[in-house]
Each structure stands twice: as structure tokens, then as C-alpha cells.
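Novice: give me coordinates for this.
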Amino acid sequence: MTALLTDDVRTEALFASDLQRSDRPSPESVRAAVLAALDRLGAGGCAELVAQEFGEHPDCAPGRMQWARHAVRDAFTVI
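Specialist: Next up is the predicted model:
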């Protein structure tokens, strides 16, 4: 993927990935999951899956989104 990725795109990709919070993934695992989801679904496909999950599971989706946002910030922060 040659375009610069924003944290929002990365967060949606992590949300759409198979990675689970309960796995306590490392930053390397988060980065790999983001890239794999973007390769598999594209940015638009990730966004569509996020919207679908919020529509079908409004009780669970916000928690996963919050986790994804924090995990992306931690995994992609440049020190």
C-alpha cells in the first residue's frame, strides 16, 4: 500500500481484522493485522465491515473500536 495511512484507516482495518483483544497482541501483531486486513479488504471494505458490525452488534462494536483505536496508537507511534 503506497498511500499514507491515517490512524482512522488503520483503526478500521484492525477492527475488521481477525485479531482479538483477548489475544493481547504485540505491536508487531497489530501492524501485521492492519496490513493484512487492508490487503484483503481494502480501506473501503474495512469501513463497510465496521459499519455493518455497528449496525448488527451495537452493544459490542464500540468496545472493539475503542480497543482498536488504542492498539493502533500504541503500535504505530513513532518514538
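
Novice: show me where the chain has strands.
Specialist: Ranges of strands in the chain, per DSSP state E: none exist.

Novice: show me where pLDDT drops low in it?
Specialist: Across the chain, the ranges flagged by pLDDT under 70 are 1-4, 78-79.

Novice: closest to the centroid, which residue in it?
Specialist: Centroid-nearest residue in the chain, with C-alpha atoms, centre = their mean: residue 14, separated by 1.5 Å.

Novice: contacts only, for that residue.
Specialist: Neighbouring residues of residue 14 by C-beta atoms under 8 Å, 6 or more residues apart in numbering: 30, 33, 34, 37, 68, 71, 72. Every C-beta, even on glycine, is put in place using the N, C-alpha and C of the backbone.

Novice: excluding chain neighbours, what is closest to it?
Specialist: Once flanking residues are discounted, residue 14 sits nearest to residue 68: 4.2 Å by C-beta to C-beta, 6 or more residues apart in numbering.

Novice: can you tell me how far that neighbour sits from residue 53?
Specialist: As judged by C-beta to C-beta, to the nearest Å, residue 68 and residue 53 stand 11 Å apart.

Novice: one more: residue 5?
Specialist: 20 Å.

Novice: now residue 18
Specialist: For residue 18, the distance to residue 53 - C-beta to C-beta - is 13 Å.

Novice: residue 68 and residue 53: who's more crowded?
Specialist: Taking neighbours as other C-beta atoms under 10 Å, residue 68 and residue 53 compare with residue 68 leading, 24 against 16.

Novice: residue 11 is in contact with the more buried one, correct?
Specialist: Yes - with contacts counted by C-beta atoms under 8 Å, residue 68 reaches residue 11, the gap being 4.8 Å.

Novice: list the buried ones in the longest helix seen in the chain?
Specialist: Ranked by residue count, the top helix of the chain under DSSP state H comes out as helix 27-56. Within helix 27-56, the residues that count as buried by 16 or more other C-beta atoms under 10 Å are 30-31, 33-34, 37-38, 41, 43, 46-47, 49-50, 53.
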